[in-house]
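Asker: model this:
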Amino acid sequence: GYATAIHGKWHLGHQPPFHPSYRGFDEYVGIPYSIDMGCTDNPGFNYPPVKACPKDPPLFFEQKHEHADDVKNVIEADLTVGIPLYQCLTPHCPDDNCNKEIIEQPVNLSTLTQSYIDNDRRFIQRSIEANKPFFLYLPLSHMHVPHDYAQQFKNTSILPSIYGVPNIYGDTLRELDYHVNQTYQLLQNLGILNQTLLIFTSDNGPWSSKCDLAGNQGPFTGIWQQLPLSSGGGGGGGTAKFTTWEAGHRIPFIAHWPGMIKGGTISNAIGSHLDLMPTIANLAGFTLPLNRSFDGIDLSSVLFDASKQGHDYLFHPDMLGHLSAV
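Answerer: Here you go, the predicted model:
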């Protein structure tokens, strides 16, 4: 079978049985939720600014639930507990110890990307040496706020400054680009680029209330994205992030496989991240169980045969549970 790994943000539960080590991954290196759901010693750039971790006393991950009883709400508790960086290299643990391997807390945001790159390289090279095909899932911490990055990317963005300060978002994006390129170059140097399907995509558009630190809607500022919600936010909580409109749920999806996918091809077929599992399962020669339903469809014909037939429509719930359709 395949060697499997996840390097990055999980955010689907860190306790058994939800931790990645209990969900079929051979290894997990990353953080258990978004980098704005805890504190760090150097919190980077966010709006409004966030505080560094408290020093007296420092609060560690195991204290999180205990500490939550002493504060007004769970969110306040989260923001005073250092974000942990896991390195779990023992797959499919028979007991409840898979989620105990924390190698850094609070995580250092300025070195986090390089940590991912180093582990990517180790995992891929080890898989090749073992003559095993591999599946590597990289839910990157960038471009979520707060932003911090290695010193080499400071003031490297060609984008103009924002509100009189250097373009932090652009510099962070340069580090993300560097990470993607490092992975690409490694596959090329190992001679396996033509045997590897690369997919680059995102989850949603900008979070506009962050003053361009979480992306920019550009020209997509229609009335729907400005209408107030009953919760007090805008049409998507004051942002395109929660809408089905441009700069919302319509996001980039780039697939690369030399010799299999024709370069420069653009498809208007409607797809969803839910389609990744049935598509990858088909490519791996695996038949999904017949005793359950799956929302996704196999998009192999769209990727490889220029088919225009994806979904006829998709539904997306907003933060209040209201449905929109595409």
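Asker: Quick check: the gap between N282 and I297.
Answerer: Counting by C-beta to C-beta, to the nearest Å, the gap from N282 to I297 is 10 Å. The C-beta positions use only the backbone N, C-alpha and C, and glycine is treated the same way.
Asker: More neighbours: these two, which one.
Answerer: Neighbour totals were compared for N282 and I297, and I297 leads with 17 against 14 (other C-beta atoms under 10 Å).
Asker: show me the contacts for the more buried one.
Answerer: Going by C-beta atoms under 8 Å, 6 or more residues apart in numbering, I297 touches 275, 278, 310-311.
Asker: again, but for Y178
Answerer: Counted by C-beta under 8 Å, 6+ apart, Y178 has contacts 113, 153.
Asker: 13 is where my numbering starts, stick with that
Answerer: Sure thing, new numbering starts at 13, so read that last one as Y190.
Asker: Dump the contacts of I309 into TSV; add neighbour count as well.
Answerer: Converted to TSV, the contacts of I309 look like this (neighbours: other C-beta atoms under 10 Å):
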residue	neighbour count
D287	23
P290	18
G322	17
H323	17
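Asker: Show me where this protein has its helices.
Answerer: When assigned using DSSP state H, the helices of the chain occupy the ranges 76-80, 86-90, 121-141, 180-201, 288-295, 312-317.
Asker: K274 is nearest to which of these?
Answerer: Closest approach to K274 among the helices of the chain is made by helix 312-317 (8.9 Å; C-beta to C-beta).
Asker: Just the buried positions in that closest one, please.
Answerer: By 16 or more other C-beta atoms under 10 Å, the buried positions in helix 312-317 come out as 314-315.
Asker: Would you mind writing the CA trace of it as PDB?
Answerer: Coordinates of each C-alpha in helix 312-317 appear next as PDB, following Å, rounded to 0.1, in the frame of the first residue of the first chain:
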ATOM      1  CA  SER A 312     -10.700  11.700 -13.400                       C
ATOM      2  CA  SER A 313     -12.400  12.400 -16.700                       C
ATOM      3  CA  VAL A 314     -12.200  16.100 -16.000                       C
ATOM      4  CA  LEU A 315      -8.500  16.000 -15.200                       C
ATOM      5  CA  PHE A 316      -7.300  13.600 -17.900                       C
ATOM      6  CA  ASP A 317      -9.900  13.600 -20.700                       C
END
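Asker: How far off centre is that helix?
Answerer: Chain-centre distance of helix 312-317: 25 Å, with C-alpha atoms, centre = their mean, to the nearest Å.
Asker: what's next to it, contact-wise?
Answerer: Against helix 312-317 from outside (C-beta under 8 Å, 6+ apart): 267, 269, 272-273, 279, 281, 283, 291, 294-295, 319-322.
Asker: Show me which of the residues you listed are buried.
Answerer: 267, 269, 273, 283, 291, 322.
Asker: Just confirm the third one contacts I266, I think it does.
Answerer: Pointing back at I273 there. No. When contacts are counted by C-beta atoms under 8 Å, I273 is not listed as touching I266 (9.9 Å).
Asker: Quick check, pLDDT for Y190.
Answerer: pLDDT for Y190: 98.
Asker: next one: the one 3 residues further on
Answerer: Listed pLDDT for N193 reads 98.
Asker: ok, now D90?
Answerer: Looking at D90, its pLDDT is 63.
Asker: list the contacts for the residue lying closest to I140 once chain neighbours are set aside?
Answerer: Leaving aside its sequence neighbours, I140 sits nearest to L202 (C-beta to C-beta, 6 or more residues apart in numbering; 5.9 Å). Under the criterion of C-beta under 8 Å, 6+ apart, the neighbours of L202 are 136-137, 140.
Asker: which one of those has the most neighbours?
Answerer: Of the contacts of L202, I136 is surrounded by the most neighbours, 20 neighbours in total, counting by other C-beta under 10 Å.
Asker: Could you double-check that that residue sits in contact with P145?
Answerer: No. Contact criterion C-beta under 8 Å: I136 and P145 do not qualify, at 11.1 Å.
Asker: could you point out where the stretch 113-262 of the chain is predicted with low confidence?
Answerer: 173-177, 233-252 (pLDDT under 70).
Asker: Recalculate using a threshold of 80.
Answerer: By pLDDT under 80, the low-scoring segments of the stretch 113-262 of the chain are 171-178, 220-221, 223, 228-261.
Asker: ranges for the strands of it?
Answerer: Taking DSSP state E, counting those that start in this stretch as the criterion, the stretch 113-262 of the chain carries its strands at 114-116, 146-149, 210-213.
Asker: For the shortest one, which strands pair with it and how are they oriented?
Answerer: Applying DSSP bridges, strand 114-116 is found paired with strand 97-100 (antiparallel).
Asker: Now the partner strand - C-alpha only, PDB.
Answerer: Listed next in PDB are the C-alpha coordinates belonging to strand 97-100 (Å, rounded to 0.1, in the frame of the first residue of the first chain):
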ATOM      1  CA  LEU A  97       3.700  21.300  17.200                       C
ATOM      2  CA  TYR A  98       3.200  17.600  16.900                       C
ATOM      3  CA  GLN A  99       5.700  15.100  15.400                       C
ATOM      4  CA  CYS A 100       3.900  11.700  15.500                       C
END
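Asker: Give the full set of residues in contact with the residue lying closest to I47 once chain neighbours are set aside.
Answerer: Spatially, and ignoring its direct neighbours in sequence, I47 is nearest to S153 (5.4 Å; C-beta to C-beta, 6+ apart). Shown in contact with S153 (C-beta under 8 Å, 6+ apart): 20-21, 42-43, 47, 121, 124-125, 128.
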